[in-house]
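In: Test case, fold it:
(chains A and B)
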Amino acid sequence: MLQVPFIRENKTLVIARLAKRNIEATQIIEEVLALDEERRGIQTQLDSILAESNSISKEIGMLFKTGEVEKANALKEKTTNLKNSSKELSDKLNDTANTLNQLLYTIPNVPNELVPNGNSEDDNETVFQEGTIPQLHNDALPHWELAKKYDIIDFELGNKITGAGFPVYKGKGARLQRALIAYFLDKNTAAGYTEYQLPHLVNEASGFGTGQLPDKEGQMYHVSEDNLYLIPTAEVPGTNIFRDVILNENELPIGITGYTPCFRREAGSYGAHVRGLNRLHQFDKVEILRVEHPEKSYEALDNMVEHVKTILQELQLPYRILRLCGGDLGFTSALTYDFEVFSTAQDRWLEISSVSNFETYQANRLKLRFKNSEGKKELAHTLNGSSLALPRVLAGIIENYQTPDGIKIPEVLIPYTGFSIIN
RNA sequence: GGAGAAAUGGCAGAGUGGUCGAAUGCGGCAGUCUUGAAAACUGUUGAGGGUCACACCUCCGGGGGUUCGAAUCCCUCUUUCUCCGCCA
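Out: Model prediction:
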């Protein structure tokens, strides 16, 4: 969430930038500032009452020691009023603070100046495109047909075992999937990211820390018996490593990577665009995360974009990079680049990575800080990105690499798969 | 799942109702000494709110209660450890 002092000092900027998201925020910002002022006023009143009652208590203690019981008892009566009003004030303080926080939760991150105006994905800005779109033979098939033809992914079997959106990978399909995971992790660790294996279920505090809770619980599977959530992305357990952490400045930057399955309810999204691997309830993803010094976070974002680019270049997939417009930008992000691979057989772009800078928005919730060179505590910046999401990369590979003789395996993956063609 | 014990500052560990935000040791930081380093010595060193800065307020696993006053007493939840059971 946003920091109140930041809002106070940059009111016009905040309102102007939130307008990129097509939000008219003037009223809510004014409300936040008013509530904060109220909160501080109540706090001051409460503090002085507590100070008084503390000093009376000390006095009573002294009187008992010197045996002046009568005087002590007289003082006791004085505290009754103080107690009542401090109780009242602290209730009021809690109410005000809660109202303020509820309001802050509803305000998304302030977009970076680079974020283009716009309403929907149609207004995203293509900033880079690379790779040649292959000329496929006449009976080229979409991946779900190829999956069936070569018996590498079984969607019906997943239906039987679990339900729609839980495909079963078989034989060379399973092996290709594992190869991709290993390849991505190797690329990421070679780039300096430390590999982690993270829990696939998280508690409420973690869901809250990265902003999935309280509003987006509909997106996550919930295990009510234990009050745990299945992770929708490794971002959740990965970023929560740093909840309530104060780092030393020299520990920055931190980069971690991890492979996890991801579980998403995707309630309400059905139709032609969710066929095959395009949208699943369970899928695999390798994630990269960084904790950065505020002055260096945008350099780091560019760095992450470059890193993901090299992977797609090596896989020789045609892709493009989009800068998300205000209307399409995620709630917690200040600037996001989406990577899309072109699926030739489906004749459409598939999102395979999303790389974002959250600035202090998550860190503020997480209380992730570092001690700067002056010894003062400052919120760090968090960033993350997929490198990469498996299913659509897999779809892109099997569609773009299909030949009349079978599906070829990209050169860089052959050491990982142990075979060069699926036929 | 059953029985018992525990949870205090970065770590270890004292503190059982009244200058305790908390002894002591280690670690960290600064300095003295040294050509430099180590050792030794001296000082400093939790977090949040608040203030121009002080003052002041809150926090001893979380929540609630008793009391004029709680790290210390009571209730409850969570976690950890030991023993038993189960088990990849």
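In: Okay, helices next: where are they in the stretch 301-423 of chain A?
Out: Along the stretch 301-423 of chain A, counting by DSSP state H, counting those that start in this stretch, helices occupy A:361-366, A:390-400, A:414-417.
In: again, but for the stretch 151-300 of chain A
Out: With helices called from DSSP H, counting those that start in this stretch, the stretch 151-300 of chain A shows them at A:155-161, A:171-190, A:204-209, A:235-239, A:297-315.
In: CA atoms of the last one as PDB?
Out: As requested, C-alpha coordinates have been extracted for helix A:297-315 and formatted as PDB (Å, rounded to 0.1, in the frame of the first residue of the first chain):
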ATOM      1  CA  SER A 297      15.200  -0.500  -9.000                       C
ATOM      2  CA  TYR A 298      14.500   0.700 -12.500                       C
ATOM      3  CA  GLU A 299      18.000  -0.300 -13.600                       C
ATOM      4  CA  ALA A 300      17.200  -3.700 -12.100                       C
ATOM      5  CA  LEU A 301      13.900  -3.800 -14.000                       C
ATOM      6  CA  ASP A 302      15.700  -3.200 -17.300                       C
ATOM      7  CA  ASN A 303      18.200  -5.900 -16.300                       C
ATOM      8  CA  MET A 304      15.400  -8.400 -15.700                       C
ATOM      9  CA  VAL A 305      13.800  -7.600 -19.100                       C
ATOM     10  CA  GLU A 306      17.200  -8.100 -20.800                       C
ATOM     11  CA  HIS A 307      17.600 -11.400 -19.000                       C
ATOM     12  CA  VAL A 308      14.200 -12.800 -20.100                       C
ATOM     13  CA  LYS A 309      15.000 -11.600 -23.600                       C
ATOM     14  CA  THR A 310      18.100 -13.800 -23.700                       C
ATOM     15  CA  ILE A 311      16.100 -16.800 -22.800                       C
ATOM     16  CA  LEU A 312      13.600 -16.300 -25.600                       C
ATOM     17  CA  GLN A 313      16.400 -15.600 -28.100                       C
ATOM     18  CA  GLU A 314      18.100 -18.800 -27.200                       C
ATOM     19  CA  LEU A 315      14.800 -20.700 -27.600                       C
END
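In: residues of it that come out buried?
Out: Judged by neighbour count (16 or more other C-beta atoms under 10 Å), helix A:297-315 contains these buried residues: A:297-298, A:300-301, A:303-305, A:307-309, A:311-312, A:315. The C-beta positions use only the backbone N, C-alpha and C, and glycine is treated the same way.
In: Could you do the second one as well?
Out: By 16+ other C-beta under 10 Å, the buried positions in helix A:171-190 come out as A:172-173, A:175-177, A:179-185, A:187-188.
In: OK, now which residue of the stretch 201-350 of chain A is nearest to RNA strand B?
Out: Using C-beta to the nearest atom of the strand, the closest approach of the stretch 201-350 of chain A to RNA strand B is made by residue A:246 at 6.4 Å.
In: What residues does the residue nearest to that residue when sequence neighbours are not counted make contact with?
Out: Among residues not flanking residue A:246 along the chain, residue A:369 sits closest, at 5.0 Å (C-beta to C-beta, 6 or more residues apart in numbering). Contacts for residue A:369 were tallied using C-beta atoms under 8 Å, 6 or more residues apart in numbering; they are A:245-247, A:363, A:377-380.
In: Report the buried members of the residues you listed.
Out: For the contacts of residue A:369, a neighbour count by 16+ other C-beta under 10 Å gives the buried set as A:245, A:247, A:363, A:378-380.
In: Which helix or strand contains residue A:133?
Out: Residue A:133 is located outside every helix and strand, with elements delineated by DSSP states H and E.
In: okay, the residue nearest to it when sequence neighbours are not counted: pLDDT?
Out: Nearest residue to residue A:133, sequence neighbours excluded (C-beta to C-beta, 6+ apart): residue A:318, at 4.8 Å. Listed pLDDT for residue A:318 reads 95.
In: Apart from its chain neighbours, what residue comes closest to the closest residue to RNA strand B within the stretch 301-423 of chain A?
Out: Closest residue of the stretch 301-423 of chain A to RNA strand B, C-beta to the nearest atom of the strand: residue A:377 (4.2 Å). Spatial nearest neighbour of residue A:377, chain neighbours left out: residue A:369 (4.6 Å); criterion: C-beta to C-beta, 6+ apart.
In: likewise residue A:153?
Out: Nearest residue to residue A:153, sequence neighbours excluded (C-beta to C-beta, 6+ apart): residue A:147, at 3.7 Å.
In: what's the answer for residue A:300, then?
Out: Nearest to residue A:300 is residue A:292, by C-beta to C-beta, 6+ apart, at 4.7 Å.
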